[in-house]
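K.L.:
Predicted structure and sequence below. I'll ask about it afterward.
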Amino acid sequence: MKLTTRAHYSVKALLDLSLQPTAKPTSVAAIAQRQDIPAPYLEKLLIELRRSGLVRSVRGAQGGYCLAHQPAQISLGQILTAVGETVETLPHFVPEQQQAEDWVTHSLWQRLHQRLQDVLYTITLADLYYDARSWQAAQEENGNFVV
């Protein structure tokens with residue numbers, strides 16, 4: 001499975017917000033710079049994520065965006081849905097009536113697709129946060145990462 005640019009940038013932006021040491025709003029410019037995302041494009045994505053209730057915005061000089069929920073309460077599936085992305089199913093294949101192998105293959109792919117959909121709603125931003133922190137700790141020369 002490969003994420004579209006739209007989905008990838010959305011996940012990166014929310015992960016960026018979850019990695020910030022405080023829950024203070026973060027500006028679009030700061031997220032865009034850290035994540036190498038064009039700011040106008042990011043702004044559009046954040047508006048969609050706000051409309052879906054995943055982030056909230058704060059106006060003013062110290063304004064920006066922050067997560068609307070704890071990272072453990074935001075799933076990858078919710079993020080993808082918020083920006084209009086889905087995991088594509090197989091092309092509309094209708095097995096031939098006489099070919100049992102076609103039906104078995106078709107059934108197998110349908111089951112795998114459903115399981116993938118289910119998994120997307122169990123992986124949370126918190127899971128990705130801990131993966132990112134683990135990776136960061138592994139990059140340190142004298143990293144003393146405690147599990």
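P.N.:
Structure received. Numbering: from 1, shown residues only.
K.L.:
Which parts of this structure are helices?
P.N.:
Counting by DSSP state H, the chain forms helices over residues 5-19, 28-35, 39-51, 76-82, 100-120, 125-139, given from the N-terminal end onward.
K.L.:
in the first one, what's buried?
P.N.:
By neighbour count on 16 or more other CB atoms under 10 Å, the buried set for helix 5-19 is 6-7, 9-19. (Each C-beta comes from the backbone N, C-alpha and C, glycine too.)
K.L.:
Redo these as JSON lines? Include pLDDT.
P.N.:
Written out in JSON lines, the entries for the buried residues of helix 5-19 read as follows (pLDDT from 0 to 100):
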{"residue": "R6", "pLDDT": "90"}
{"residue": "A7", "pLDDT": "90"}
{"residue": "Y9", "pLDDT": "93"}
{"residue": "S10", "pLDDT": "94"}
{"residue": "V11", "pLDDT": "92"}
{"residue": "K12", "pLDDT": "92"}
{"residue": "A13", "pLDDT": "94"}
{"residue": "L14", "pLDDT": "94"}
{"residue": "L15", "pLDDT": "91"}
{"residue": "D16", "pLDDT": "91"}
{"residue": "L17", "pLDDT": "92"}
{"residue": "S18", "pLDDT": "88"}
{"residue": "L19", "pLDDT": "83"}
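K.L.:
lowest-confidence helix or strand of this protein?
P.N.:
Between all helices and strands in the chain, the lowest mean by mean pLDDT, DSSP states H and E belongs to helix 100-120, at a mean of 80.
K.L.:
For A29, which non-adjacent residue is closest in space?
P.N.:
Taking CB to CB, 6 or more residues apart in numbering as the measure, A29 lies nearest to A39, with 5.8 Å between them; neighbours along the chain are not counted.
K.L.:
ok, now which ones touch the one you found?
P.N.:
Residues in contact with A39, defined by CB atoms under 8 Å, 6 or more residues apart in numbering, are 28-29, 32.
K.L.:
Out of the buried residues of helix 5-19, which is nearest to L80?
P.N.:
Looking at the buried residues of helix 5-19 and their distance to L80, the nearest is A7, at 5.4 Å (CB to CB).
K.L.:
Good, we can wrap up now.
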